[in-house]
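Engineer: Turn this into a model:
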Amino acid sequence: MPSKTVRLPISTTIQLKHLMSAIVSIRWYWIDYDPTDTKTTIKNRLLDVGAIESQFDRAVYVIRMKAPFGIAYPKGHTPTLYIGEGKIISRLDAHREWAKRFQSLGYKFPLEVACAFPRVKKNYNAYREFEAHLLQLFFNRYDTLPLKNSIHENKHYDHAYGKIATHGIIGPGSGSSHTWAIQPLPANSFRTVFQRTHAT
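Structural biologist: Numbering: from 1, shown residues only. Below is the predicted model:
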């Protein structure tokens, strides 16, 4: 039998268009992160790698350990320590104290930050939704949130992101030179933080 063409009412077609995911383009900017850096130093590092200063107010960022170290989470290892959003200069400045404590626990683990500035037309909060997306991906993969995250963020929009948006960001990445996976023991002040979002 010949196939039948089903024509949707105009109102239904419009509704379906509204349900389609927006394709969000993500570009990452990588910088070294030293918790002794000033705000000016952080700003200059971002400008040096091509980030646009007018976008600094709505950022998503991932604080990571540099190779060869990572964290041994319940379902795998990754160098990711924190996923956040906000005004990038102020937020990285606010993380300096715990980052200093982290580096004072016997070894000055070198850190880095991947920064992105998601933009979606008519959606001011696109950056917050991308942060929630990254946190959910992380939890699904590792059965916990990153070491310094404690809150699951709600994602209100079903945007679509290309593989490049998350590849090598929440995990160690392909061809990774991370050869150590560590975790805090009971005597470590980061132990409670580490365990509080584990699924089991």
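
Engineer: which residues sit in contact with Ser189?
Structural biologist: If a contact means Cβ atoms under 8 Å, 6 or more residues apart in numbering, then Ser189 has 101, 105 as its contacts. Every C-beta, even on glycine, is put in place using the N, C-alpha and C of the backbone.

Engineer: where's the closest residue to Tyr161 other than its chain neighbours relative to Thr197, distance?
Structural biologist: Spatial nearest neighbour of Tyr161, chain neighbours left out: Val24 (5.5 Å); criterion: Cβ to Cβ, 6 or more residues apart in numbering. Separation of Val24 from Thr197 (Cβ to Cβ, to the nearest Å) stands at 26 Å.

Engineer: in the longest helix seen in the chain, what's buried?
Structural biologist: When the chain is parsed with DSSP state H, its longest helix is helix 126-142. Across helix 126-142, burial judged by 16 or more other Cβ atoms under 10 Å covers 126-135, 137-139, 142.

Engineer: Centre of the chain to that helix, how far?
Structural biologist: With Cα atoms, centre = their mean, to the nearest Å as the basis, helix 126-142 stands 7 Å off its chain's centre.

Engineer: just the CA coordinates of it, formatted as PDB?
Structural biologist: What follows is helix 126-142, C-alpha atoms only, in PDB (Å, rounded to 0.1, in the frame of the first residue of the first chain):
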ATOM      1  CA  ALA A 126      22.000  29.800  28.900                       C
ATOM      2  CA  TYR A 127      25.300  29.700  30.800                       C
ATOM      3  CA  ARG A 128      23.600  28.400  33.900                       C
ATOM      4  CA  GLU A 129      21.800  25.700  32.000                       C
ATOM      5  CA  PHE A 130      25.100  24.600  30.500                       C
ATOM      6  CA  GLU A 131      26.600  24.300  34.000                       C
ATOM      7  CA  ALA A 132      23.600  22.200  35.100                       C
ATOM      8  CA  HIS A 133      24.200  20.000  32.000                       C
ATOM      9  CA  LEU A 134      27.800  19.500  32.900                       C
ATOM     10  CA  LEU A 135      27.000  18.600  36.500                       C
ATOM     11  CA  GLN A 136      24.400  16.100  35.400                       C
ATOM     12  CA  LEU A 137      26.800  14.500  32.900                       C
ATOM     13  CA  PHE A 138      29.400  14.300  35.600                       C
ATOM     14  CA  PHE A 139      27.000  12.700  38.100                       C
ATOM     15  CA  ASN A 140      25.800  10.200  35.600                       C
ATOM     16  CA  ARG A 141      29.400   9.200  34.800                       C
ATOM     17  CA  TYR A 142      31.000   9.200  38.200                       C
END
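
Engineer: helices or strands up against it?
Structural biologist: If you count contacts as 3 or more Cβ pairs under 8 Å, 6 or more residues apart in numbering; DSSP states H and E, helix 126-142 packs onto strand 59-65, strand 76-78, strand 80-86.
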